[in-house]
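> Need a 3D model of the following:
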Amino acid sequence: MRWDRFFEDLEDQLDSEWEAERAALDTEAERLRLSRIPLRERIVALAAAGSQVAVETVGEHAVTGGVSRVGADWFALETSARRPVVALVPLCAVATLGTAAEAVLSSVREAAPGTTLAQRMTFGFVLRDVVRRRIPTTVHLADGRALAGTIDRAGADHLDLALHEPGLPRRVDSVRGFRLIPFTAVAMVRLDAPADLP
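Numbering: from 1, shown residues only. The predicted model follows:
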């Protein structure tokens, strides 16, 4: 009888040790999974969930809204203001993203790369569509300045901005100057007219 109790205790002890080891392995596997999740995939999850986010960029620019699109190295944020505005934000310009606690947790659980096509749409690609549509924009720079105008060209790593009054269409007689702006200096591009993004 005593031996039966002895073996039962050994089995219980071994079972407890295996459970502890399995829990430790599960915890380490989760840490490893989390260490491999890029910010872009978390933003894809926030977009899929329809979460509201408050974005602060370098240069202390801030905008709040819902993520509507996520490209390879940028995302589009639609504000819910009286007059909705779309802001294109390069991922490298994000200083912080604020959202609800539930959204933070679900963005970790639901993190995914998104569609293959979206993963290939670069910041330059989407800006070339803005050029094609001749949308008046405000380019917020990493140093805190904002320049209003129309993007004339978008190259591999920079854009050409024709400066004119905010919200007005680009006309030759209203252009006050031109700026070539590297993408690395861009904190956010606000589209000052409604547009359907790709």
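> Now do the strands in the protein.
Taking DSSP state E as the test, the strands found in the chain are 52-57, 62-70, 74-79, 86-90, 94-98, 136-141, 146-154, 158-163, 177-182, 186-191.
> Which of those sits closest to Glu28?
The closest of the strands of the chain to Glu28 is strand 94-98. By Cβ to Cβ, the value is 27.0 Å. C-betas here are computed from N, CA, C, even on glycine.
> What residues sit buried inside that closest one?
Val94, Leu97 (16 or more other Cβ atoms under 10 Å).
> got a list of contacts for stretch 94-105?
For stretch 94-105, contacts defined as Cβ atoms under 8 Å, 6 or more residues apart in numbering pick out 39, 43, 46, 49, 51-58, 60, 107.
> picking up where we left off before, could you dump the strands of the chain to JSON lines with distance to Phe125 and mean pLDDT?
Converted to JSON lines, those look like this (distance: least, Cβ to Cβ, whole Å; pLDDT from 0 to 100):
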{"stretch": "strand 52-57", "distance to Phe125": "20", "mean pLDDT": "96"}
{"stretch": "strand 62-70", "distance to Phe125": "12", "mean pLDDT": "94"}
{"stretch": "strand 74-79", "distance to Phe125": "9", "mean pLDDT": "94"}
{"stretch": "strand 86-90", "distance to Phe125": "11", "mean pLDDT": "96"}
{"stretch": "strand 94-98", "distance to Phe125": "19", "mean pLDDT": "96"}
{"stretch": "strand 136-141", "distance to Phe125": "16", "mean pLDDT": "96"}
{"stretch": "strand 146-154", "distance to Phe125": "8", "mean pLDDT": "97"}
{"stretch": "strand 158-163", "distance to Phe125": "12", "mean pLDDT": "98"}
{"stretch": "strand 177-182", "distance to Phe125": "16", "mean pLDDT": "97"}
{"stretch": "strand 186-191", "distance to Phe125": "13", "mean pLDDT": "96"}
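> follow-up on the earlier one: and the contacts of stretch 94-105, which two are furthest apart?
Within the contacts of stretch 94-105, Ala49 and Glu60 form the most distant pair, 27.2 Å apart (Cβ to Cβ).
> which one of those two has more residues nearby?
Set Ala49 next to Glu60 and count neighbours by other Cβ atoms under 10 Å: Ala49 wins out with 17 against 12.
> Let me see the contact set for the more buried one.
Taking Cβ under 8 Å, 6+ apart as the contact definition, Ala49 lies against Ala103, Ser106, Ser107, Glu110.
> Which pLDDT value goes with it?
Looking at Ala49, its pLDDT reads 92.
> ok, it to Arg40 distance?
As defined by Cβ to Cβ, to the nearest Å, Ala49 lies at a distance of 15 Å from Arg40.
> from the contacts of stretch 94-105, which would you call buried?
By neighbour count, with 16+ other Cβ under 10 Å, the contacts of stretch 94-105 hold Ile43, Leu46, Ala49, Ser51, Gln52, Val53, Val55, Glu56, Thr57, Val58, Ser107 as buried.
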